[in-house]
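Colleague: fold the following.
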Amino acid sequence: MNDLARRTASLLSMCLALGSCGGSCPETTTASTEPMPSSGAERPMLTAETTAPETMDVSLDELGVVGGSARLDNRHVANVFGCTGENHSPAIRWSGAPEGTRSFVLEVHDPDAPTGVGFFHWIVVDLPSDTASLPFDGASALPEGALATRTDYGSAGYGGPCPPPGSPHHYVFTLYAVDTDHLGVDENTSPAVVRFMLGMHTIALGRATATFGFPAE
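Modeller: Okay, the predicted model is just below:
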């Protein structure tokens, strides 16, 4: 089974399990000859990323990143699993949301984590449509109505980088513009289900990438 067929089967299975597609479940499609990703370090595909335009500008303010790449520092590093950082989320700013945006979703994902699917460090849903930024350590005081959902650390909220020694990892900050006020998830919802819901509601997105790593031992 190729990659497209696997993704389609996965969406169908989750759609049936959730029982909440409202007629929007994906139809089966003819199998493609598209090759499988060559390694787990590649960013997993999300339906929204293949259908929604990447038209928004996202910047990590104090790092001077505007759609480019810069290095996170100890202020942003996790304080678990042997890491001793301060675990503060960086300041984020965005613009260019299209007409019809009802709310935003923020996702921070490390595609280089040695898990096969990467590692989700922070997910915030239901950010009000009039929100255009989060300050430094904004994870500790989200706008009214916004909700942090479960990350791969096992709890809701920001969890900073804590990669194994070696090559720096990439931390992709993706801001999704969505067509609903509420994504229909709660603080215990897994990243996979959040991504499934995003696949039905994303109308635009933007990204900025930062890196962090520890020297090889």
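
Colleague: where does the residue most central in space within the chain land in three-state SS?
Modeller: By C-alpha atoms, centre = their mean, the mean C-alpha position of the chain lies nearest to Glu107, the distance being 2.6 Å. Taking DSSP: H, G, I helix; E, B strand; the rest coil as the rule, one finds Glu107 in the strand state.

Colleague: please read off the pLDDT at it from the model.
Modeller: Note for Glu107: predicted pLDDT of 97.

Colleague: any idea how far Glu217 is from it?
Modeller: In this view, Glu107 and Glu217 are 30 Å apart by C-beta to C-beta, to the nearest Å. Just so you know, the C-beta spots here come from the backbone N, C-alpha and C atoms, and that holds for glycine as well.

Colleague: what is the least confident helix or strand in this protein?
Modeller: Within the chain, no helix or strand scores below helix 3-18, which has a mean of 42 by mean pLDDT, DSSP states H and E.

Colleague: before we move on, back to that, residue contacts, the residue nearest to the centre of the chain?
Modeller: For Glu107, the contact set (C-beta atoms under 8 Å, 6 or more residues apart in numbering) comprises 120, 122-123, 172-174, 176, 191, 194.

Colleague: the protein - how does it break down into domains?
Modeller: The chain breaks down into these domains under automatic domain parsing: 1-36, 42-212.

Colleague: run the chain-centre distance for stretch 120-139.
Modeller: 11 Å (C-alpha atoms, centre = their mean, to the nearest Å).

Colleague: quick one: end-to-end distance for it.
Modeller: 15 Å (C-alpha to C-alpha, to the nearest Å).

Colleague: buried residues, that stretch. List them.
Modeller: Within stretch 120-139, the residues scored as buried using 16 or more other C-beta atoms under 10 Å are 120-127, 131, 134, 137-139.

Colleague: so which of the residues you listed are in strands?
Modeller: Residues of the buried residues of stretch 120-139 located in strands (DSSP state E): 120-127, 134.

Colleague: where does the protein have low pLDDT?
Modeller: Along the chain, the model assigns pLDDT under 70 to residues 1-51, 61-69.
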